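Q: Based on what follows, work out the 3D shape:
(chains A and B)
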Amino acid sequence: KQEVTQIPAALSVPEGENLVLNCSFTDSAIYNLQWFRQDPGKGLTSLLLIQSSQREQTSGRLNASLDKSSGRSTLYIAASQPGDSATYLCAVEYNNNDMRFGAGTRLTVKP
Amino acid sequence: DGGITQSPKYLFRKEGQNVTLSCEQNLNHDAMYWYRQDPGQGLRLIYYSQIVNDFQKGDIAEGYSVSREKKESFPLTVTSAQKNPTAFYLCASETGTMNTGELFFGEGSRLTVL
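A: Modelled structure (predicted):
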């Protein structure tokens, strides 16, 4: 069964800290992996999309890496800010538009 | 502005009633999806459609129905057969082809059964 796991479920850090969010998946035959941000009661906003042939993607203070062989992806957030507080979800897309989501990591950045 | 619009944002339903959630996109995307989100769980796929007049069941299609008569629209009906319909429902569409696309989401519809 294709499962996506995100650990930890919740994380609290002081402002300015660099942090890493983890995503692991059981089936490495992926097409792509996408990281999303979700604010309470809102939809998901795409942050970074990594194709299966890529190793990483960067956007501003965010960097996502992909290691298919080990079934892992990380989302690195540099110099965290209170505005980064949200739930971060990773999603892995397999064949036939089958996308599997993790349950998310709820991040709190304290001023 | 291009995007995905879901309505209504909040909906209350009595037991035994069918309700329809609207999803409209002006991104010219072929593929559209409906997900259900429950607290502490990942999103679960209800239905998806890769092209007009065609749709496929996802993991939890029982008690739901969809239609795809226009490229822009993918409404979801939550029927009285759905035993636990209270949830947050998210509609999405995807760019590109062959699983290379980026997924875009609407703002969601929260359904509560009274």
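Q: For A:Ala10, which non-adjacent residue is closest in space?
A: In this structure, A:Ala10 finds its nearest non-sequential neighbour in A:Arg106, 4.4 Å apart by CB to CB, 6 or more residues apart in numbering or on different chains. Where you see a C-beta, it was placed from the backbone N, CA and C, and this is true even at glycine.
Q: Please list the residues of chain B that sit near chain A.
A: Within reach of chain A by CB under 8 Å from any CB of the partner chain, chain B has these residues: B:4, B:6, B:31, B:33, B:35, B:40-45, B:48, B:50, B:88, B:90, B:92, B:94, B:98-100, B:102-108, B:110.
Q: on that earlier part again, what does the residue nearest to A:Ala10 show for phi and psi?
A: Backbone torsions of A:Arg106, given as degrees, to the nearest 10, read phi -90, psi 110.
Q: what sits against B:Gly40?
A: Counting by CB atoms under 8 Å, 6 or more residues apart in numbering or on different chains, B:Gly40 makes contact with A:9, A:103.
Q: tell me the pLDDT at it?
A: B:Gly40 carries a pLDDT value of 79.
Q: Show me the strands in the chain, by range?
A: Since no chain was named, I'll use chain A. A:4-7, A:10-14, A:19-25, A:32-38, A:44-51, A:56-59, A:62-67, A:72-77, A:86-93, A:99-101, A:105-110 (DSSP state E).
Q: The intended chain is chain B.
A: Ranges of strands in chain B, per DSSP E, are B:4-7, B:10-13, B:19-25, B:31-37, B:44-51, B:54-57, B:64-66, B:76-78, B:87-94, B:103-105, B:109-113.
Q: do you know which of these lies nearest A:Leu47?
A: Closest of the strands of chain B to A:Leu47 is strand B:103-105, at 11.4 Å (criterion: CB to CB).
Q: tell me what the closest one is packed against?
A: Judged by 3 or more CB pairs under 8 Å, 6 or more residues apart in numbering or on different chains; DSSP states H and E, the packing partners of strand B:103-105 are strand A:32-38, strand A:44-51, strand B:87-94.
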